[in-house]
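S.K.: Sharing a sequence plus its predicted fold:
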There are 2 protein chains.
Amino acid sequence: MSVSSESEKTRDRLIEVAGRIFAERGYRAATIREICDQAGANLAAVNYHFRDKEGLYSEVIGSTIRSSLERYPADGGVSREASPEQRLEGVVRAFLQRALSLEEPPWKGGLMAREMVEPSGKLPKIIQEVARPVHDLLLEIIAQLAPERSDESRWLCAQSVIAQCHFFRHASNVLEVLRPDWGQLSVSERIVRLTEHITSLTLAGLRG
Amino acid sequence: MSVSSESEKTRDRLIEVAGRIFAERGYRAATIREICDQAGANLAAVNYHFRDKEGLYSEVIGSTIRSSLERYPADGGVSREASPEQRLEGVVRAFLQRALSLEEPPWKGGLMAREMVEPSGKLPKIIQEVARPVHDLLLEIIAQLAPERSDESRWLCAQSVIAQCHFFRHASNVLEVLRPDWGQLSVSERIVRLTEHITSLTLAGLRG
DNA sequence: TGACGTTTCATACAAGTGTTTGATACAAGT
DNA sequence: ACTTGTATCAAACACTTGTATGAAACGTCA
């Protein structure tokens, strides 16, 4: 069992490769044969380590959730004592980093985007552990910025922020066709510009 | 050949059923067996009428595009002479109607959302015929509302509008979990509230 | 009516799928 | 030395998939 250092390597390799392929092809179109091939593992490895294909998928979702907010915390590293403007910028930047960054394997955002279009039963878990913290934090900040708004209005504003962050990632295919020069920008440059754009537009909108 | 009234019925039924199933399951996961079953047609009908599965898919995309902007024109029925504020509201309402309305078969928005996450080669066609008109119209209106902004800034603002319209449809699964009372609202009621929210937030943001 | 083109049908087939099985290798513990 | 638990492997299984085929049914027109 202490040999598991060796065994965990193939297990981890499977999770990593599977994440990428699930994100690229979708759950159903992804084949465990391709996953095992690319992971340098035998076809039966998935069955041995994860019981079946869905067990592997669950592990992929789980590990993605676990490492996601851990690397880019919801508040973007901005403390609760900072101004609400700075806190908003922190949330937006962290969201964009999670969604767009290439340091993270780029497929993680794709996995989540796919889950929203094509839920697979794991959606409540994702919401509980990923969306909820960001959602609540954003509501808190907006309540500071626009206390005069109704509860529903504040909630809609929070969704508008998330909508913009989300859109600029999962519609990047379309955006690059509509505006070719946007495709030339580096990822980090996009994050800078989008953070600035979304925060300033939202702040102005909230005050209007 | 004039008998084709009967044959076109099964052809049309196939397109309609296929659209719904492609939207629900995705191209690969959708099976022509299920499509033919629900359309009350024989298994070989797809092969006969559309050559193969991809031919059917192309026809579905094509017919969706053709009827989409035709029923809900990009400008929402607001004339070019109206105020930019009214025109913006028209665009937003039309977009939300296309995306959320149940009079239209509800799967059409899902088809498009899926194409963005999982392009299938038909994406350029969709952009050319659907996204481009909305995109250009929105840019024109925003140029009226905020002429002092840079070209890139106006473009980003246009995307922010589209992002919000799009998000409230394709993330409705998530939204209903985060805010259960939102799920109780009727579709037309949602459209009213979202139109008001998005236009006012955007107008305030543009002026800030 | 009878020939013809069009459409529908049951059936078959090859390819690809997830899963299972039994054998094998290896290390650790007794 | 023997057993035990873990991990990997090749092979096979049962099933679904898209596609192809040939016969039958249908309506149209001479």
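M.R.: Everything's here; your move.
S.K.: how far away is the residue most central in space within chain A from A:L96?
M.R.: Centroid-nearest residue in chain A, with Cα atoms, centre = their mean: A:G109, separated by 4.1 Å. Using Cβ to Cβ, to the nearest Å, one obtains 10 Å as the distance from A:G109 to A:L96. For the C-beta atoms, the positions are set from N, CA and C on the backbone; glycine is no exception.
S.K.: Spit out the residues that contact the two alike.
M.R.: Counting by Cβ atoms under 8 Å, 6 or more residues apart in numbering or on different chains, the residues touching both A:G109 and A:L96 are A:R169.
S.K.: And the pLDDT for A:E104?
M.R.: We have a pLDDT of 63 for A:E104.
S.K.: Just checking stretch A:87-97 against chain B, any contact.
M.R.: No. Interface with chain B: stretch A:87-97 contributes nothing (Cβ under 8 Å from any Cβ of the partner chain), its closest point being 12.0 Å away.
S.K.: Can you pull out the low-pLDDT segments for chain A?
M.R.: For chain A, applying pLDDT under 70 flags the ranges A:1-8, A:102-104, A:106.
S.K.: how does it look with 80?
M.R.: Under the criterion pLDDT under 80, the flagged ranges of chain A are A:1-8, A:69, A:100-110, A:113, A:116-121, A:123, A:126-128, A:173.
S.K.: which residues in it form helices?
M.R.: A:4-25, A:32-39, A:45-50, A:53-71, A:84-100, A:107-117, A:123-126, A:132-145, A:151-170, A:172-178, A:180-184, A:187-207 (DSSP state H).
S.K.: Now render those helices as TSV, adding distance to B:I141.
M.R.: Below are the helices of chain A laid out as TSV (distance: least, Cβ to Cβ, whole Å):
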stretch	distance to B:I141
helix A:4-25	36
helix A:32-39	47
helix A:45-50	52
helix A:53-71	37
helix A:84-100	25
helix A:107-117	28
helix A:123-126	36
helix A:132-145	26
helix A:151-170	18
helix A:172-178	16
helix A:180-184	20
helix A:187-207	16
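S.K.: Of those helices, give the one that comes closest to DNA strand D.
M.R.: With Cβ to the nearest atom of the strand as the measure, helix A:4-25 is the member of the helices of chain A nearest DNA strand D (3.1 Å).
S.K.: mind listing what's buried in that closest one?
M.R.: Using 16 or more other Cβ atoms under 10 Å in any protein chain shown as the test for burial, helix A:4-25 gives A:10-11, A:13-23, A:25.
S.K.: what's the spacing between A:S200 and A:E85?
M.R.: According to Cβ to Cβ, A:S200 stands 10 Å off from A:E85.
S.K.: sorry, that was for A:A44
M.R.: Distance, A:A44 to A:E85, by Cβ to Cβ: 55 Å.
S.K.: Same drill for those two, tell me which one is more crowded.
M.R.: Using other Cβ atoms under 10 Å in any protein chain shown, the more surrounded residue of A:A44 and A:E85 is A:E85, with 15 against 10.
S.K.: thought the more buried one was touching A:L203?
M.R.: Yes. When contacts are counted by Cβ atoms under 8 Å, A:E85 is listed as touching A:L203 (6.2 Å).
S.K.: tell me which residues in stretch A:47-67 are buried?
M.R.: Buried residues in stretch A:47-67, counted by 16+ other Cβ under 10 Å: A:49-50, A:53, A:56-61, A:63-65.
S.K.: wait, does that stretch contact DNA strand D?
M.R.: Yes. Stretch A:47-67 is in contact with DNA strand D by Cβ under 7 Å from any atom of the strand, via A:48-49.
S.K.: Residues that sit against both of A:E85 and A:L203, list them.
M.R.: Common neighbours of A:E85 and A:L203, counting by Cβ under 8 Å, 6+ apart, are A:L145.
S.K.: pretty sure A:L123 is in contact with B:L175, am I right?
M.R.: No. Counting by Cβ under 8 Å, A:L123 does not reach B:L175; the two are 11.8 Å apart.
S.K.: So between these two, which is more surrounded?
M.R.: Between A:L123 and B:L175, counted using other Cβ under 10 Å, B:L175 has the larger neighbour count: 21 against 18.
S.K.: what's the distance between the more buried one and chain A?
M.R.: Taking Cβ to the nearest Cβ, to the nearest Å as the measure, B:L175 falls 7 Å from chain A.
S.K.: wait, what's in contact with that residue?
M.R.: A:159, B:168, B:182-183.
S.K.: Equivalent analysis for A:G77, please.
M.R.: A:G77 is in contact with A:90, A:94, counting by Cβ under 8 Å, 6+ apart.
S.K.: do the same with A:D151
M.R.: Contacts of A:D151 were listed using Cβ under 8 Å, 6+ apart, and none were found.
S.K.: before we move on, what about A:R207?
M.R.: For A:R207, the contacting residues are A:145-146, B:204, B:208, by Cβ under 8 Å, 6+ apart.
S.K.: which among those end up buried?
M.R.: A:145-146, B:204.
S.K.: Relative to DNA strand C, which of those is nearest.
M.R.: Nearest member of the buried ones among the contacts of A:R207 to DNA strand C, counting by Cβ to the nearest atom of the strand, is A:L145, at 47.5 Å.
S.K.: That closest one contacts A:L206, correct?
M.R.: Yes. Here A:L145 reaches A:L206: they are 5.1 Å apart, a contact under Cβ under 8 Å.
S.K.: ok, back up a step: and the buried ones among the contacts of A:R207 as TSV, adding distance to DNA strand D?
M.R.: Below are these laid out as TSV (distance: Cβ to the nearest atom of the strand, whole Å):
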residue	distance to DNA strand D
A:L145	50
A:A146	50
B:A204	49
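S.K.: what subset of those is also close to DNA strand C?
M.R.: Checking the buried ones among the contacts of A:R207 against DNA strand C (Cβ under 7 Å from any atom of the strand), there are no matches.
S.K.: Please list all residues in contact with the residue nearest to A:W107 when sequence neighbours are not counted.
M.R.: Ranked by Cβ to Cβ, 6 or more residues apart in numbering or on different chains and with sequence neighbours excluded, the top spatial neighbour of A:W107 is A:A23, at 3.4 Å. Contact partners of A:A23, counting by Cβ under 8 Å, 6+ apart, are A:107-108, A:110-111, A:114.
S.K.: Mind picking the two most distant members of these?
M.R.: Using Cβ to Cβ, the pair of those lying farthest apart is A:K108 and A:R114, separated by 10.8 Å.
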